[in-house]
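Asker: let's see this in three dimensions:
(4 chains)
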Protein chains: 2
Amino acid sequence: MVDELGFHLRRAQVAAFKQFAQTVTQAEDITPGLYGMLQVIANNPGLTQSALAEAMEVDRSSIVKVVNQLEDKGLIIRAAVPNDRRSYSLRMTAQGKLSLARIEDAVMRQDRDFSAALTETERGVLIGLLKRLGK
Amino acid sequence: MVDELGFHLRRAQVAAFKQFAQTVTQAEDITPGLYGMLQVIANNPGLTQSALAEAMEVDRSSIVKVVNQLEDKGLIIRAAVPNDRRSYSLRMTAQGKLSLARIEDAVMRQDRDFSAALTETERGVLIGLLKRLGK
DNA sequence: TATTGTTATACTCTATAACTATA
DNA sequence: TATAGTTATAGAGTATAACAATA
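Answerer: Sure, this is the predicted structure:
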């Protein structure tokens, strides 16, 4: 069991979520899931809800509540799409951009703190190996 | 974002779960969570439900359904504890031991398959680095 | 007919609080 | 009083199916 990669992967990930909750979520009221959504929206301004769902690999019905939450927080807006009245295009608000910058700072600190036992080189090696997993 | 350890950790772990579901769960009807429980019970025969809950870092109320499932599958038994009639001691059944051996085979194959892109050395390095994360 | 967003519904996993039977 | 197991309940997070509006 101790030599199972899946086991150690899960253990590390659960620990990372717990630490995220105790730092970033507590300070900025953003869960790991919402943070991931914000990043996708910030890096793909104007994408539709369906596109966001596809990027996050979840069903588009599961996106609705998330987008509601981010909009209620004033971080993003749903805007009409000129040529398709079925769709909404998602964008960061000015406040959302400011908030995301602050959240990113907190996430970076948490991320570094979580891997504080590793050297910078080891951290890079770890990320490189993780990227090659799965298929 | 791409240099965030937490992001890559989560991505890899989600991929591992998906692959586990498509292989081990499909063949042996055991989820990653149930498999983890089985391992703890197999390696700590006679432990109580509360001890199992502590080992898995979940509330003891969350253990009840899991133990029911494993018992319904005939993999484990709840046995009376001599000096404390409040507790149950958990053990693998003979069939449970046989099943676990088969499940472990499937898990080992899945685990190797998941990290097929890595050399044996790299796989060892990855596990070693993962073990040092968190606090 | 097909697609977008939405709602209703359900299922899994987890937690908290309260109950029971013991200790 | 405290503890072990249980139950009821609730909250995330996810999925499927069906619907209205639009393409």
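Asker: show me the shaky parts of chain A.
Answerer: Segments of chain A classed as low confidence (criterion: pLDDT under 70) are A:1-2, A:135.
Asker: how about the helices of it, start to end?
Answerer: Counting by DSSP state H, chain A has helices at residues A:5-20, A:26-28, A:32-43, A:49-56, A:60-72, A:94-114, A:120-131.
Asker: among those helices, which is nearest B:Glu71?
Answerer: Relative to B:Glu71, the nearest member of those by Cβ to Cβ is helix A:5-20, separated by 23.5 Å. No exception for glycine: its C-beta is placed from N, CA and C like everyone else's.
Asker: can you tell me if that closest one touches DNA strand C.
Answerer: No: against DNA strand C, helix A:5-20 shows no contacts by Cβ under 7 Å from any atom of the strand, the least distance being 8.2 Å.
Asker: which of the residues in that helix are buried?
Answerer: Of the residues in helix A:5-20, those with enough neighbours to count as buried (16 or more other Cβ atoms under 10 Å in any protein chain shown) are A:5-13, A:15-17, A:19-20.
Asker: cool, and stretch A:66-82?
Answerer: Within stretch A:66-82, judged by 16+ other Cβ under 10 Å, the buried ones are A:Val66, A:Val67, A:Gln69, A:Leu70, A:Glu71, A:Lys73, A:Leu75, A:Ile76, A:Arg78.
Asker: A:Arg91 is in contact with the second one, correct?
Answerer: No: under the criterion of Cβ atoms under 8 Å, A:Val67 makes no contact with A:Arg91, lying 11.6 Å away.
Asker: how close does the residue minimising distance to the centre of chain A get to chain B?
Answerer: Per Cα atoms, centre = their mean, the C-alpha nearest to the average position across chain A is that of A:Gly36, at 1.3 Å. Using Cβ to the nearest Cβ, to the nearest Å, we find A:Gly36 at a distance of 7 Å from chain B.
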